[in-house]
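Participant: what follows is a predicted protein model with its sequence.
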Amino acid sequence: MTNNPRKAALYVLNELYKNNQTLDNTIDKIFQKGLELSKKDMALFHALVYGVLRWRARLDLIIDHFSKTRINKINPNVLNILRLGLFQIIFMDRIPVSAAVNTSVELAKSSSAPWIKGFVNGLLRNASQNYENVSYPSPDKDPVSYIAAIKSFPQWLVKRWAGRFGIEETKELCDEINKIPLLTIRTNTLKTTPGRLADSLQQDTGEIILTKFSPQGLSLKGLDKPVPELQAYKDGWFQVQDEAAQLVTHMVNPLPGMAVLDACAGLGGKTGHMAQQMKNIGQITALDNSLEKLNSLKKDMARLGVSIVNTYVHDLSIPPDINQIKTFDRILLDAPCSGLGVISRNPDTKWAESKKNLTRYQQRQIKFLSSLVHLLKPSGTLTYSVCSTEPEENEMVIKEFLNKYPAFKIKNNYSTLCEPIKNLINTKGCLKTLPHKNKMDGFFCAVLQNH
Ligand SMILES: C[S@@+](CC[C@H](N)C(=O)[O-])C[C@H]1O[C@@H](n2cnc3c(N)ncnc32)[C@H](O)[C@@H]1O
């Protein structure tokens, strides 16, 4: 495998979306194949992959302007070479234009027909001198197309946000999503306190900021080591988790001694948080349809010093057998969704999703909720959360669920929550966060109670 960061970035961009692969899977795959990069090259590799995905629509508009071949006719590998080159020219000040062009020509030489290098060279040289003169759709006559092009978002998404939030707020939302997000972590209070954790990270971090809403969160600026190499990580003092995801567990409010089901536990971000809220007393069943994820979850629980979790592989499109799994005081369904609330971390999402998918996800989310109802104790609560800002996966799921199960209501009394989190809950009792308003991922969470 190559040790060239640009070649590695091109490989990831070319492989992404094949067989429904996400960015994380594709990046994991290239490292499994033996990619080894120095610390500096690793930073360049990530900047290139995430940068091209973040700015793809704007890069494509410029490429289309300077290319005689229409963009949809350019070979995908060549298009990704052009995107990588142009991204470096426009967005990476510390890379000289000549280096951006020459390395792109080298990529073309090693992976395309011989004449392509001339095409890449000519287009990038021309674009580097003239890209500022390319015209964009008019912000007055066609504000949706303007935002989609200049801020690099799919038209359908900008259109629906503009309808919901208005043009000015949509611009703010897009700008916030386009920022490179800080790394946010959650203190494992079974082992330490946010203060001690911050002290231990001081020497490896430029700046540490306490999160505004979550009492256990820290955001790190300028971390100079990969997370797994930090002593505090090895000692199980924290999990990586965005602030919005941390708020979900506070909504669930699991207490020591309870029986809790984490119904889509994944790698266990919320499982770990619930265990620490329960002071490692009680029982948590971590369910997921992925054995691989549950195996990673088990390792992470050991690192965190959590001993109350058992795992259960199950496909939630079928209701779990109550005789095997028992009943619960708290059930959390952190459902699979579009991920449109976490585009800043996963910019590939904006090019993978469509309006049609949202309806498909909604049906699956309602099905999963329905699969869990019979597992709830009479006084128990069923919490639904998704990292999506879209109504189809938010209020509309809850509405359909309540139509189907009229005995349930949305909980709207949060006396135990701290004030900052309480202030994020809307009049209907749902937590809704938005990147531009709350400076965190877009999440939705509602707690359902049987009355
Ligand atoms: C949003 S992620 C969960 C993230 C996790 N709760 C956390 O905080 O780290 C959704 C999870 O649903 C799981 N999933 C997808 N389809 C499923 C199914 N049919 N049955 C059970 N789990 C499923 C995925 O494997 C994924 O781990």
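Facilitator: Done, it's in. Residues are numbered from 1 along each chain as shown.

Participant: may I see the buried residues of stretch 437-451?
Facilitator: Buried residues in stretch 437-451, counting neighbours by 16 or more other C-beta atoms under 10 Å, are found at 438-449. Where you see a C-beta, it was placed from the backbone N, CA and C, and this is true even at glycine.

Participant: from those, which land in helices?
Facilitator: Among those, the residues falling in helices (DSSP state H) are Asn438.

Participant: including distance to the ligand, could the buried residues of stretch 437-451 go into a markdown table?
Facilitator: Shown next, in a markdown table, are the buried residues of stretch 437-451 (distance: C-beta to the nearest ligand atom, whole Å):
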| residue | distance to the ligand |
| --- | --- |
| Asn438 | 18 |
| Lys439 | 20 |
| Met440 | 15 |
| Asp441 | 12 |
| Gly442 | 13 |
| Phe443 | 10 |
| Phe444 | 12 |
| Cys445 | 12 |
| Ala446 | 15 |
| Val447 | 16 |
| Leu448 | 17 |
| Gln449 | 21 |
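
Participant: any idea whether whichever residue of the stretch 51-200 of the chain sits closest to the ligand is helix, strand or coil?
Facilitator: Across the stretch 51-200 of the chain, the shortest distance to the ligand (C-beta to the nearest ligand atom) belongs to Arg186, at 10.6 Å. Here Arg186 takes the strand state, with states given by DSSP: H, G, I helix; E, B strand; the rest coil.

Participant: quick check: residues of the stretch 201-350 of the chain near the ligand?
Facilitator: Proximity of the stretch 201-350 of the chain to the ligand, by C-beta under 6 Å from any ligand atom, involves residues 245, 264-270, 288-290, 293, 315-317, 334, 336.

Participant: how about 8 Å then?
Facilitator: Within the stretch 201-350 of the chain, the positions near the ligand by C-beta under 8 Å from any ligand atom are 241, 245, 248, 262-271, 287-290, 293, 314-317, 332, 334-337, 339.

Participant: list the contacts for the spatially closest residue to Ile150 that is not a sequence neighbour?
Facilitator: Among residues not flanking Ile150 along the chain, Tyr136 sits closest, at 5.5 Å (C-beta to C-beta, 6 or more residues apart in numbering). Counting by C-beta atoms under 8 Å, 6 or more residues apart in numbering, Tyr136 touches 61, 146, 149-150.

Participant: mind running it again at 6 Å?
Facilitator: Going by C-beta atoms under 6 Å, 6 or more residues apart in numbering, Tyr136 touches 146, 149-150.

Participant: still on that earlier bit, correct me, but the residue of the stretch 51-200 of the chain closest to the ligand touches Gln241?
Facilitator: Yes - Arg186 lies in contact with Gln241 (C-beta atoms under 6 Å); the separation is 4.5 Å.

Participant: the more surrounded of these two?
Facilitator: Between Arg186 and Gln241, Arg186 has the larger neighbour count (other C-beta atoms under 10 Å), namely 27 against 21.

Participant: and the residue nearest the centre of the chain?
Facilitator: For the chain, the residue nearest the mean C-alpha position is Val342 (3.7 Å; C-alpha atoms, centre = their mean).

Participant: so that residue, which of the three states?
Facilitator: The three-state label given to Val342 by three-state DSSP is coil.

Participant: dump the residue contacts of it.
Facilitator: Val342 sits next to 387, 441 when contact means C-beta under 6 Å, 6+ apart.

Participant: in what helix or strand does Ser219 lie?
Facilitator: Ser219 belongs to strand 217-221 when assigned by DSSP states H and E.

Participant: got any ranges where this protein has weak pLDDT?
Facilitator: Scanning the chain for pLDDT under 70 picks out 1-2.

Participant: show me where it has its strands.
Facilitator: Applying DSSP state E to the chain gives strands spanning 183-187, 207-210, 217-221, 238-240, 259-262, 283-288, 309-313, 328-334, 376-386, 408-410, 431-433, 443-450.

Participant: can you count the residues close to the residue in the stretch 1-150 of the chain that the ligand sits nearest to?
Facilitator: The minimum distance from the stretch 1-150 of the chain to the ligand, using C-beta to the nearest ligand atom, falls at Thr22 (11.1 Å). Neighbours of Thr22 under the rule other C-beta under 10 Å: 15.

Participant: from what I can see Gly85 touches Ser104, true?
Facilitator: Yes - Gly85 is within contact range of Ser104, at 3.4 Å (criterion: C-beta under 6 Å).

Participant: between those two, which one's more packed in?
Facilitator: Gly85 (32 against 26).

Participant: how near is the nearest residue to Asp60 once chain neighbours are set aside to Leu382?
Facilitator: Nearest non-adjacent residue to Asp60, counting by C-beta to C-beta, 6+ apart: Ile71, 5.7 Å away. Ile71 is 47 Å from Leu382, where distance means C-beta to C-beta, to the nearest Å.

Participant: which non-adjacent residue is nearest Val397?
Facilitator: Leaving aside its chain neighbours, Val397 sits nearest to Gln365 (4.8 Å; criterion: C-beta to C-beta, 6+ apart).

Participant: count residues in the vicinity of the nearest residue to Met92 once chain neighbours are set aside, would you?
Facilitator: Distances taken as C-beta to C-beta, 6+ apart put Ala47 closest to Met92, at 6.9 Å, once the chain neighbours are dropped. Other residues lying near Ala47 total 18 when counted by other C-beta under 10 Å.

Participant: the residue nearest to Asp60: neighbour count?
Facilitator: Neighbour count for Ile71, taken as other C-beta under 10 Å: 13.

Participant: please apply the same query to the one 3 residues further on.
Facilitator: When counting by other C-beta under 10 Å, one arrives at 20 neighbours for Ile74.

Participant: cool, Cys387 as well?
Facilitator: With other C-beta under 10 Å as criterion, Cys387 counts 27.

Participant: now it: phi and psi?
Facilitator: When read as degrees, to the nearest 10, the backbone of Cys387 gives phi -90, psi 60.
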